[in-house]
Each structure stands twice: as C-alpha cells, then as structure tokens.
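# I would like the atomic coordinates for the input below:
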Amino acid sequence: MDLLTVDQQTCDQDGLCAAVCPAGLIDFKKGTFPGAIPEADDLCIRCGHCIAVCPHGSLNHRDMDVAECAPVREDLLLSAAQCEQFLKGRRSIRTYRKKLVTRETLEKLLDVARYAPSGHNSQGVKWLVVGQKEELHSLSSIVAEWMRFMLETMPEFSLGMHLDRTLERWDQGVDVILRGAPTVVIAHGEKDNRMAPASCTIALTYLELAATGMGLGCCWAGYFNAAALAFPQMKDALALPDGHQSFGAMMVGYPKFLYKRVPQRQPPEIAWRL
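Residues are numbered from 1 along each chain as shown. Next comes the predicted model:
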C-alpha cells in the first residue's frame, strides 16, 4: 500500500497538503493530484499535517486512517477573550479536596496530554501515575531525606532554596512536598534522548491546562522531581524502565478552593526587532 492515497472524486487539487508538509514530501503541480515523493516513507515523521489540513478528507495516510481523525468542531473553538482568561486565570493548586481522581478521568487527561508537540514528532513521553496514599507518603518521605542530604552536602545552595524551613514544616506534619494531592503523574523518557526533557515538560504543561476543563487542579512537584533526578533512593522507589529518567512530575487533584481574580504579573521584557 502506498504511503499516501488520494480520493480523486473529492480532491479539489488545491495543494494544501503539499504546502504544509514540514519535510516537503508531497509532490504537487497545479492541475494534478498530490502524491508522495519516492523517499517519503523513510522521511515522513507521521505528524498528520497533510490529513489535518485537507478540507474534504481526501488524503489518506497508510499509518493514519483519515476516517479515525476527528474533525475540528468550529463550535468548540475558543475566542480570543476565552483563551486569554483561561491562560491568565490558571492557578497552581496546593490545597486539594479529599476526593480521589478516578482512573477513567486520568486516562482522559493523559489522552489529551499525548497530543502535545514533541521534537520531530518523536512522541517519546512515557507516564507513571501514582495514586495510592501509602506510596505517596513513602515517596514524600524519600524527598524529605533528599532535603536532609542536600542540607548536609550543599548547605549554601539548600539554604538559598529554604530547604531548612521546608523540612522543618514537613517534620511538623505539614505536607509541603505533595500538598495532600491524591495523585502524582510523572513524565519520563529515555535519558539519552535529547528531545525527551522538552517533550516531557510540554506534555505536562498540556496536562496541567487540560485538567482545568475536567474540574481538576495541578501543581508542578518541583521538590519531588529534583529528588527523582539525582537521589538514588527515589530512583529505586520509582523503578522506571532501564535507561529512563524522570523529567517532570505533577500533582493532580480536585481544588479545595476556587479563585475569583487574575493576579498581576510583571510586565514582559521584550526586545523588538520588527
């Protein structure tokens, strides 16, 4: 089967598929039907641009059936004002309701996150979801031990990050590590994959934003991931696949409070070269 096939009954020969192909793998001349160049099978990154742009669904990809690619619904498109409020109104949630997030809801959330862009469409992000209370407490305790280690071995850096105060609060019974979140989602990938760190970060950002529409709230688990990056006890506890590294962790749960205002931020520093 050819990499690309065209329904000549519906194709209007507009050349849009060739125009958007990032690698220039579609041959098209006005008055003809588009077709893949000989090297396309090896060079195609399966991004789906060619299928997505065709207004008639006339182009089919051997590895991506156009019939399974959902159409974009215009009635669901965000207005500029909606998009602005949504992004500016995002809050890092550090206080959660005592309500578990179901596996079904988490699966829907991760289904959205997998559409995040990745270098060369590599899609190298893998996920670990932890939602057992005992395990979360155990992992948090390991993070606390990492803080003690950091205060002993790198005191100047650790004090600058206020790890002493954070650890003191933890010892007093205040969960300043995972904030009582019922779920933590870890994004990991091959540590030798240069695209993995950015891909995981972008995917977690997608996850955080998508959570809002599901009534969920998130917060980046910075202490948690710092320990996951370098502390042997945490690496052993996470037991990621061989050769994999955690590149980000996110607390996920139902917010205890709702926010009614958009707080101010510093103005952007911009160097214009228009």
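# what about the strands in the stretch 1-150 of the chain?
Listed in chain order, the strands of the stretch 1-150 of the chain (DSSP state E, counting those that start in this stretch) span 4-6, 26-27, 35-36, 59-61, 126-130.
# in CSV, list the ones you listed along with mean pLDDT.
Below are these laid out as CSV (pLDDT from 0 to 100):
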stretch, mean pLDDT
strand 4-6, 96
strand 26-27, 96
strand 35-36, 96
strand 59-61, 96
strand 126-130, 98
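# hey, which of those is tucked in deepest?
Stretch with highest mean neighbour count among the strands of the stretch 1-150 of the chain: strand 59-61 (a mean of 21; mean count of other CB atoms under 10 Å). Placement of C-beta: from N, CA and C, glycine included.
# elements contacting that one?
strand 4-6, helix 49-53 (3 or more CB pairs under 8 Å, 6 or more residues apart in numbering; DSSP states H and E).
# closest to Trp146 out of these?
Among those, the nearest to Trp146 by CB to CB is helix 49-53 (43.0 Å).
# residues touching the closest one, excluding its own?
Residues outside helix 49-53 that contact it (CB atoms under 8 Å, 6 or more residues apart in numbering): 4, 16-22, 26, 57, 59-61, 64, 66, 69.
# that one: how far from the chain's middle?
Relative to the centre of its chain, helix 49-53 is centred 22 Å away, using CA atoms, centre = their mean, to the nearest Å.
# do the same with stretch 77-85
The answer for stretch 77-85 is 21 Å, by CA atoms, centre = their mean.
# buried residues in it?
Residues of stretch 77-85 include none that count as buried (16 or more other CB atoms under 10 Å).
# and it, average pLDDT?
Computed over stretch 77-85, the mean pLDDT rounds to 97.
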